[in-house]
Structure formats: structure tokens, C-alpha cells
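In: Structural data only, the sequence is not supplied:
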């Protein structure tokens, strides 16, 4: 999985998940990180405004619920539909 710029082995991230599911989780993590950085929001500010620890999510070490993803998208100013449309394969 050389396309990911994360310091995590795919076998260490939810080893019970299949390769396709791990790929999706890491794609979501990278998309969140990209949106946050493009918005100029630090991880600390993100936490202070949302009470969501974004660091573990952005590294793919924490699986998130759809409701948490919706909160993240809302804070970053993107609809959940647009979030998934722009997800990199």
C-alpha cells in the first residue's frame, strides 16, 4: 500500500478487516486529513471545536461511525455525499 503516507502497516490496522475494508478506512482517513489541512485547521483546533480526537482517525488507527464522519464533514464544510464522491480509490 505504497500510495498511503501513513506510518501504519495494513496488517496492524484492524487485522480482522479484509484488505478492501482496510483500504476504505485508510482512504477515508487520508481524505479527512486532506480536507483539514486544506482548511488550515490544526488537529488541536479541530479537537477544541469538535471534541473529536482527529489524529487517530487520520492515521487510520480508529474506525469511525457514520455519525462521527457526518460531524467531521459538517465542521470541514463538506457534505458527506461530496466527501465520498472525492474519495480516492
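Out: Looks like it came in fine. These numbers come from a predicted model, not from an experiment. Numbers count the residues shown, from 1 in each chain.
In: Mind checking what helix or strand follows the helix or strand hosting residue 34 in sequence?
Out: Secondary structure from DSSP states H and E places residue 34 in helix 19-38. Using DSSP H and E, the helix or strand that follows helix 19-38 in sequence is helix 43-50.
In: distance between that next one and the chain's centre?
Out: Its chain's C-alpha centre and that of helix 43-50 lie 15 Å apart, by Cα atoms, centre = their mean, to the nearest Å.
In: oh, and call the first residue 17 from now on, that's how I've got it
Out: Yes, from this point I'll number from 17; that puts the last item at helix 59-66.
In: what does that helix contact?
Out: Contact with helix 59-66 is made by 52, 68-71, 74, 87-88, 91, as judged by Cβ atoms under 8 Å, 6 or more residues apart in numbering. The way it works is simple: take the backbone N, C-alpha and C, and place the C-beta from them, glycine included.
In: Just give me the residue right at the centre of this protein.
Out: residue 45 (2.2 Å; Cα atoms, centre = their mean).
In: Quick one: neighbours of the closest residue to that one other than its chain neighbours, just the number.
Out: In space, and not counting its chain neighbours, residue 45 is closest to residue 76: 4.1 Å by Cβ to Cβ, 6 or more residues apart in numbering. As a burial measure, residue 76 scores 25 neighbours (other Cβ atoms under 10 Å).
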